[in-house]
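Undergrad: let's see this in three dimensions:
(4 chains)
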2 protein chains.
Amino acid sequence: MAARASHKTSESSDKVSVICRALRRAIIEQALEPGAKLPEDSLGERFGVSRTIARHALGQLAAEGLVELRRNRIAVVATPSWQEARDAFDIRIQLEGLVVRQLAGKLTKSQIAELNDHVDAEDRTRGGTDAVSIRLATEFHILLAQMTSSPILVRYVSEVAYRCCLTLSLYSRPHSTECAINEHRAIIAALAKGDGAKVMDLMHHHLDSVASRALVAPAPQRGRDLLDILAPYADEATSDRVVKLPKVARR
Amino acid sequence: MAARASHKTSESSDKVSVICRALRRAIIEQALEPGAKLPEDSLGERFGVSRTIARHALGQLAAEGLVELRRNRIAVVATPSWQEARDAFDIRIQLEGLVVRQLAGKLTKSQIAELNDHVDAEDRTRGGTDAVSIRLATEFHILLAQMTSSPILVRYVSEVAYRCCLTLSLYSRPHSTECAINEHRAIIAALAKGDGAKVMDLMHHHLDSVASRALVAPAPQRGRDLLDILAPYADEATSDRVVKLPKVARR
DNA sequence: GGCGCTCCAATTGCATGCAGTTTGGCGCGC
DNA sequence: GCGCGCCAAACTGCATGCAATTGGAGCGCC
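TA: Residues are numbered from 1 along each chain as shown, chains lettered A, B, ... in the order given. This is a model prediction of the structure:
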């Protein structure tokens, strides 16, 4: 039936969005870790486009919070602070709460089937790499959001879900995905039953447990941005025991 | 105190974001109405930059949903369909619900003073133009969001609030801002008192009334995109009473 | 008058070029 | 050995140029 035109807002389908999608996926699958450098040249070369286009793509990703752009500096995959990661998960919990509240009892049979199929796919990758299971788990949440048929909600949930993926490689320890899959199934069941309160509770706890596994330590030892790490010591800068800091070995 | 570096995510402070801010403001004040054309050349000339930069800015605004970008076509200020406008308001109501729930009873005295100052400013513009009062009213909501100190929430609330402004010029009739101001005051009072349920209710009704005044008619006569208008008739395309349509007078 | 056609100005899509900034490594003095 | 400064390579910021596409005016034909 020729879905005319498709999205009219963003993601036109030009080369820019191709690059965006590729990078998003690379990030979500942790092929690109936080802090990874993204020089315009290399991107352009890799995707067969000029720097102009690569640059534009980086701009879009920066707007989504996946990439950090600092003037005259190489773009890098975003490295959220622990605070920012916490924020992302908090907002995510609330947003997805809205999603399931809106969806409870409203799903058609075919939608429920689609969700179950997706979780089956998650199940099948249990032996596979982490990369794929993380991606599928994330896509499950995006799939839910899409069923609200609210484009805005879809966008926000996607964005914040991607950001949360980012933090996984930063602060989390290798985790088992099994419980997540079971929780996904439980959520589908509650949605089908139309138990709004139950499903909100389930989603809340599901994301909460993901968050608590993802954000194990508030003190990221490999955390970057020295300036932030040193902030607590700044007040004592005038003390007599000043540690002589060299230019600061930024890397 | 030199607020070091500022936002590290988007809005670097380069020429691109200057243009973005200018356009956002022009849109919010309805100097640029939905559908207004935004040729890269003109923008570049107007802001003293090259097309490259203007283009980049348009890309950012498109990502925020304020601008529509279609391949090989002049960018235009977004013209949300009634459906999309409804969606924006729905999400906005929910997002701002999250904001006030989080804020109830948690505001400091100085924050409350800041809010009151803002509403005073709104009050003072009662005689002024609509443009300014709409902007101030919107900024009140963004100010609230900022007090959550959740950058993500701030961004989403801002975005969706801007989008709602867009629909004002499309579907709304000239309105009085007085009640809005009173409602703002009531919200502040309830926030100060820490009555979470009450303030969520107030905010909900406040935005609901704004929405119902903004979205008076589901049938935008000046709505563009003829194809959408004609969609309901599409099924009868094979009927014998076919209205002979010319190529479609797109403007 | 309405309809279709052609052609041209306007506009976008994209690559490239140049200037300015940052990075990191090398050598020099201590 | 260690720190410091300098320099070249790498990279970004941005403007400009060229090809491709669009849309609309003009014009002939029915």
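Undergrad: from DNA strand C, how far off is residue A:108?
TA: Taking CB to the nearest atom of the strand, to the nearest Å as the measure, residue A:108 falls 37 Å from DNA strand C. C-beta coordinates here come from the backbone N, C-alpha and C atoms, glycine included.
Undergrad: same question, residue A:159
TA: Between residue A:159 and DNA strand C the distance is 23 Å, computed by CB to the nearest atom of the strand.
Undergrad: try residue A:166
TA: Taken as CB to the nearest atom of the strand, the spacing of residue A:166 relative to DNA strand C amounts to 22 Å.
Undergrad: what's around that residue, how many residues?
TA: A total of 25 residues lie near residue A:166 under the criterion other CB atoms under 10 Å in any protein chain shown.
Undergrad: pLDDT wise, what is it at?
TA: Residue A:166 carries a pLDDT value of 90.
Undergrad: just residue A:102 next, same as before
TA: Residue-level confidence at residue A:102 comes out at 95, pLDDT.
Undergrad: host element of it?
TA: Counting by DSSP states H and E, the secondary-structure element that holds residue A:102 is helix A:82-103.
Undergrad: what are the buried residues along the strand or helix carrying residue A:191?
TA: Here residue A:191, judged by DSSP H and E, is contained in helix A:178-193. Under the neighbour-count criterion of 16 or more other CB atoms under 10 Å in any protein chain shown, helix A:178-193 has A:180, A:181, A:183, A:184, A:185, A:186, A:187, A:188, A:190, A:191, A:192 buried.
Undergrad: and if you look at stretch A:108-126?
TA: Buried residues in stretch A:108-126, counting neighbours by 16+ other CB under 10 Å, are found at A:111, A:115, A:118, A:119, A:122, A:123, A:125.
Undergrad: what about it, average pLDDT?
TA: Summarised as a single mean, pLDDT over stretch A:108-126 is 94.
Undergrad: ok, now stretch A:38-46?
TA: Looking at stretch A:38-46 alone, the average pLDDT works out to 95.
Undergrad: where does chain A have low pLDDT?
TA: Low-confidence segments of chain A (pLDDT under 70): A:1-13, A:173-179, A:217-251.
Undergrad: residue ranges for the helices of it, please.
TA: Defined through DSSP state H, the helices belonging to chain A, from first to last, are A:15-28, A:40-47, A:51-64, A:82-103, A:109-124, A:130-146, A:151-171, A:178-193, A:196-214, A:226-230.
Undergrad: residues touching the most centrally placed residue in chain A, list them.
TA: Nearest residue to the geometric centre of chain A (CA atoms, centre = their mean): residue A:162, 1.7 Å. For residue A:162, the set of contacting residues under the criterion of CB atoms under 8 Å, 6 or more residues apart in numbering or on different chains consists of A:24, A:27, A:28, A:64, A:66, A:138.
Undergrad: ok, now which ones touch the fourth one?
TA: Residue A:64 makes contact with A:159, A:162, A:163, B:63 under the criterion CB under 8 Å, 6+ apart.
Undergrad: what of residue A:153?
TA: If you count contacts by CB under 8 Å, 6+ apart, then residue A:153 has A:95, A:98, A:99, A:145, B:87, B:91 around it.
Undergrad: quick check: buried residues in stretch A:137-149?
TA: When burial is assessed from 16+ other CB under 10 Å, stretch A:137-149 yields the following buried residues: A:137, A:138, A:139, A:140, A:141, A:142, A:143, A:144, A:145, A:146, A:147, A:148.
Undergrad: wait, the first one touches residue A:182, no?
TA: No. With contacts counted by CB atoms under 8 Å, residue A:137 stays clear of residue A:182, the gap being 11.9 Å.
Undergrad: please work out which residue of chain A is closest to DNA strand C.
TA: Among the residues of chain A, residue A:50 lies nearest to DNA strand C; the distance is 2.9 Å by CB to the nearest atom of the strand.
Undergrad: which residues touch that residue?
TA: Contact analysis of residue A:50 by CB under 8 Å, 6+ apart lists residue A:44.
Undergrad: could you list the domains of chain A?
TA: Under the assignment automatic domain parsing, the domains of chain A span A:15-77, A:82-214.
Undergrad: output the buried residues of stretch A:108-126 as JSON lines; include the columns distance to DNA strand D.
TA: Formatted as JSON lines, the entries for the buried residues of stretch A:108-126 read as follows, by distance: CB to the nearest atom of the strand, whole Å:
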{"residue": "A:111", "distance to DNA strand D": "36"}
{"residue": "A:115", "distance to DNA strand D": "39"}
{"residue": "A:118", "distance to DNA strand D": "37"}
{"residue": "A:119", "distance to DNA strand D": "40"}
{"residue": "A:122", "distance to DNA strand D": "36"}
{"residue": "A:123", "distance to DNA strand D": "41"}
{"residue": "A:125", "distance to DNA strand D": "34"}
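Undergrad: name the nearest of the residues you listed relative to chain B.
TA: residue A:111 (18.8 Å; CB to the nearest CB).
Undergrad: list the contacts of the residue lying closest to the closest one once chain neighbours are set aside.
TA: With sequence-adjacent residues excluded and distances taken as CB to CB, 6 or more residues apart in numbering or on different chains, residue A:111 is closest to residue A:147, at 5.6 Å. If you count contacts by CB under 8 Å, 6+ apart, residue A:147 has them with A:103, A:107, A:111.
Undergrad: burial of the first one, as a residue count?
TA: If you count neighbours by other CB under 10 Å, residue A:103 ends up with 21.
Undergrad: what does the stretch 1-150 of chain A put close to chain B?
TA: By CB under 8 Å from any CB of the partner chain, the residues of the stretch 1-150 of chain A that approach chain B are A:4, A:8-10, A:12-14, A:16, A:52, A:55-56, A:59-60, A:62-65, A:68-71, A:78, A:84, A:87-88, A:90-91, A:94, A:98, A:150.
Undergrad: filter those to the buried ones?
TA: Using 16+ other CB under 10 Å as the burial test, these include A:8-10, A:12, A:16, A:55-56, A:59-60, A:62-65, A:68-69, A:78, A:84, A:87-88, A:90-91, A:94, A:98, A:150 as buried.
Undergrad: near DNA strand C, which of the residues you listed show up?
TA: If you filter these for contact with DNA strand C, counting by CB under 7 Å from any atom of the strand, you are left with residue A:16.
Undergrad: before we move on, back to that, for the contacts of residue A:162, name the two members farthest from one another.
TA: A:64 and A:138 (14.0 Å; CB to CB).
Undergrad: what's the spacing between residue A:134 and chain B?
TA: Per CB to the nearest CB, to the nearest Å, residue A:134 is found 20 Å from chain B.
Undergrad: okay, now that residue: neighbour count?
TA: As a burial measure, residue A:134 scores 20 neighbours (other CB under 10 Å).
Undergrad: residues contacting it?
TA: For residue A:134, the residues meeting the contact criterion (CB under 8 Å, 6+ apart) are A:28, A:29, A:30, A:165, A:168, A:177.
Undergrad: just to revisit the earlier point, could you dump the contacts of residue A:147 into TSV and include distance to residue A:198?
TA: Rendered in TSV, the data for the contacts of residue A:147 read as follows (distance: CB to CB, whole Å):
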residue	distance to residue A:198
A:103	13
A:107	14
A:111	18
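Undergrad: could you point out which of these is nearest to residue B:212?
TA: Looking at these and their distance to residue B:212, the nearest is residue A:103, at 24.7 Å (CB to CB).
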